[in-house]
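>>> okay, predicted coordinates and the sequence, questions at the end:
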Protein chains: 2
Amino acid sequence: MLLDALKKYDVILASGSPRRKELLAAMGIEFRVEVYPVEETVPPGLSPAEAATYLSRLKSTNFPEEKCTEHTLIITADTIVASGNELLEKSANAEEAAAMLRKLSGTKHEVITGVSLRIGNRIHDFRACTEVYFKTLTEAELQYYITRYHPFDKAGSYGIQEWIGHIGIQRIEGSYFNVMGLPTHQLYEELEHLISH
Amino acid sequence: MLLDALKKYDVILASGSPRRKELLAAMGIEFRVEVYPVEETVPPGLSPAEAATYLSRLKSTNFPEEKCTEHTLIITADTIVASGNELLEKSANAEEAAAMLRKLSGTKHEVITGVSLRIGNRIHDFRACTEVYFKTLTEAELQYYITRYHPFDKAGSYGIQEWIGHIGIQRIEGSYFNVMGLPTHQLYEELEHLISH
């Protein structure tokens, strides 16, 4: 099984996200966290999906080359929220968060996570997309959420695992864990392909 | 907002499920747990969806009448797993759990939660359905899961929030929290209708 095959590798999650750490642990994978910050700037002209892959790959190529051996597996990821062709990034304050949540209210958006798997100098990329349908949020609801949860570290200014995800999301199509930050099922499958080939 | 309106009620979750307790708390609702066990027998001839509503209503009518005032809100629920028209109940042991997971492997099934809301002697029922798509599970994977997680207290013999949910579920259509045991968004909406009318 994959979990046995992975024991030959030093698995490194190069992400500071506590949600990703939790998700990778829930997959039964043993790993450690080691993060090298990158400047998260996306070149103009990329679609939201391409931006997710661009950033996960940037985090991967940015990992110090001398640490990338044939027995090291480095996992990087980037999760973006897209409303149509518009990228909704992190918000800086309560006003920006409220504006973003008003945009998501009563409509569908996409959450895309780009993932890069690096062994030595070979990098394999993939991405997953989940469609998320928000109910119409009242001003009282979004102010309640922002005041209590301060969702400024999150793309799209919300966490599906928080209050607003419980009361505000009508349905999703795709992977729930992808919305949290890591498409766990697809990661498992891609690791199987990578490790057994 | 609903959370303010609910403060007029003594909210009781009549369910022993730790997942339901966690989900109701995540909705920001203040409540206490009080459970009166019922014999969970479904009359022949009911569809899986009807069985879920039958059982949540049974738990509601079974709640001691003298405790059901106009200021008491009693929430009961029953979650069932249906593969086509077949109801997959809880499994008694590892062999039954494995047989059930082999049935879910590589195919789609439905998770339906019936919910009953009782104030005084009035009971309002609703239900939610989520479609869940499992990848083809290997024998090694299902044995790994059963040995470590003992999923015998769960309809369909799996928990979406456990290892098998992370690595084995390709996609869902509907509410993730419904699969865990309570359709939180729909519960919020139904409570709004009930309390404000």
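Good, I have the coordinates.
>>> quick check: the spatially closest residue to A:S91 that is not a sequence neighbour vs B:T41, distance?
In space, A:S91 comes closest to A:A97 once its chain neighbours are excluded; the distance is 4.1 Å by Cβ to Cβ, 6 or more residues apart in numbering or on different chains. All C-beta spots, glycine's among them, are computed from the backbone N, C-alpha and C. Taking Cβ to Cβ, to the nearest Å as the measure, A:A97 falls 49 Å from B:T41.
>>> which of the two has more residues huddled nearby?
A:A97 (23 against 9; other Cβ atoms under 10 Å in any protein chain shown).
>>> which of the helices or strands spans that one?
Assigned by DSSP states H and E, A:A97 belongs to helix A:94-104.
>>> residues contacting A:T61?
Contacts were defined as Cβ atoms under 8 Å, 6 or more residues apart in numbering or on different chains; by that measure A:T61 touches A:I123.
>>> quick one: low-confidence parts of chain A?
Applying pLDDT under 70 to chain A flags the ranges A:197.
>>> need the outlier residue of it, farthest from its centre.
In chain A, A:A140 marks the outermost C-alpha relative to the chain mean, sitting 28.2 Å out by Cα atoms, centre = their mean.
>>> buried set for the helix of greatest length in chain A?
Ranked by residue count under DSSP state H, the longest helix found in chain A is helix A:48-61. Residues of helix A:48-61 classed as buried by neighbour count (16 or more other Cβ atoms under 10 Å in any protein chain shown): A:48, A:50-60.
>>> and if you look at stretch A:83-98?
Neighbour-count burial for stretch A:83-98 [16+ other Cβ under 10 Å]: A:83, A:87-91, A:94, A:97-98.
>>> how about these, which pair is most distant?
Largest separation among the buried residues of stretch A:83-98 by Cβ to Cβ: A:L87 and A:A94, giving 20.5 Å.
>>> wait, A:D78 sits on A:L55?
Yes - the criterion here is Cβ atoms under 8 Å, and A:D78 meets it with A:L55 at 3.7 Å.
>>> what residues are shared contacts of those two?
A:40, A:114.
>>> counting neighbours, what do you get for A:I80?
25.
>>> just give the closest residue to it, not the sequence neighbours.
A:A52 (4.7 Å).
>>> all strands of chain A, in order?
A:10-13, A:32-33, A:72-83, A:86-88, A:108-119, A:122-134, A:169-174 (DSSP state E).
>>> before we move on, back to that, and which of the buried residues of stretch A:83-98 is nearest A:F134?
Taking the buried residues of stretch A:83-98 together and measuring to A:F134 by Cβ to Cβ, the closest member is A:S83, at 10.3 Å.
>>> I'd say that closest one and A:K103 touch.
Yes - the pair A:S83 and A:K103 passes the contact test of Cβ under 8 Å, sitting 5.7 Å apart.
>>> I'd like to know how many residues surround the closest residue to A:E65 other than its chain neighbours.
Spatial nearest neighbour of A:E65, chain neighbours left out: A:N121 (7.4 Å); criterion: Cβ to Cβ, 6+ apart. Neighbours of A:N121 under the rule other Cβ under 10 Å: 9.
>>> go on, A:D10?
Neighbour number of A:D10 under other Cβ under 10 Å is 14.
>>> for it, which non-adjacent residue is closest in space?
A:T72 (4.9 Å).
>>> and if you look at A:E141?
Nearest non-adjacent residue to A:E141 (Cβ to Cβ, 6+ apart): B:M1, at 6.5 Å.
>>> got the contact list for that neighbour?
A:138, A:140-141, A:144.
>>> sorry, back to before: okay if I get the strands of chain A as TSV plus distance to A:Y188?
Listed next are the strands of chain A as TSV, based on distance: least, Cβ to Cβ, whole Å:
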stretch	distance to A:Y188
strand A:10-13	13
strand A:32-33	19
strand A:72-83	12
strand A:86-88	27
strand A:108-119	11
strand A:122-134	12
strand A:169-174	15
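>>> what's the neighbour count on A:G45?
Neighbours of A:G45 under the rule other Cβ under 10 Å: 7.
>>> gap between it and B:I167?
36 Å.
>>> residues in contact with the closest residue to A:Q161 other than its chain neighbours?
Excluding the flanking residues, the one nearest A:Q161 by Cβ to Cβ, 6+ apart is A:M180, at 5.9 Å. A:M180 sits next to A:19, A:23, A:159-161 when contact means Cβ under 8 Å, 6+ apart.
>>> a markdown table for the residues you listed, including neighbour count?
Below are these laid out as a markdown table (neighbours: other Cβ atoms under 10 Å in any protein chain shown):
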| residue | neighbour count |
| --- | --- |
| A:R19 | 18 |
| A:L23 | 22 |
| A:G159 | 19 |
| A:I160 | 24 |
| A:Q161 | 18 |
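>>> filter the residues you listed down to the ones in helices?
Short answer: the contacts of A:M180 in helices (DSSP H) are A:19, A:23.
>>> nearest to chain B, of the contacts of A:M180?
A:L23 (6.8 Å; Cβ to the nearest Cβ).
>>> what's the residue nearest to the closest one when sequence neighbours are not counted in contact with, if anything?
Beyond its immediate neighbours in the sequence, the residue positioned closest to A:L23 (Cβ to Cβ, 6+ apart) is A:L182, lying 4.4 Å away. Going by Cβ under 8 Å, 6+ apart, A:L182 touches A:19-20, A:23-24, A:77, A:113, A:115.
>>> in PyMOL, how would I select the buried members of these?
Filtering these down to the buried ones (16+ other Cβ under 10 Å) takes a single PyMOL command:
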select buried, chain A and resi 19+20+23+24+77+113+115
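>>> relative to chain B, which of the contacts of A:L182 is nearest.
Among the contacts of A:L182, and counting by Cβ to the nearest Cβ, the member closest to chain B is A:L23, at 6.8 Å.
>>> please list all residues in contact with that closest one.
Applying Cβ under 8 Å, 6+ apart to A:L23 gives the contacts A:177, A:180-182, A:184, B:166.
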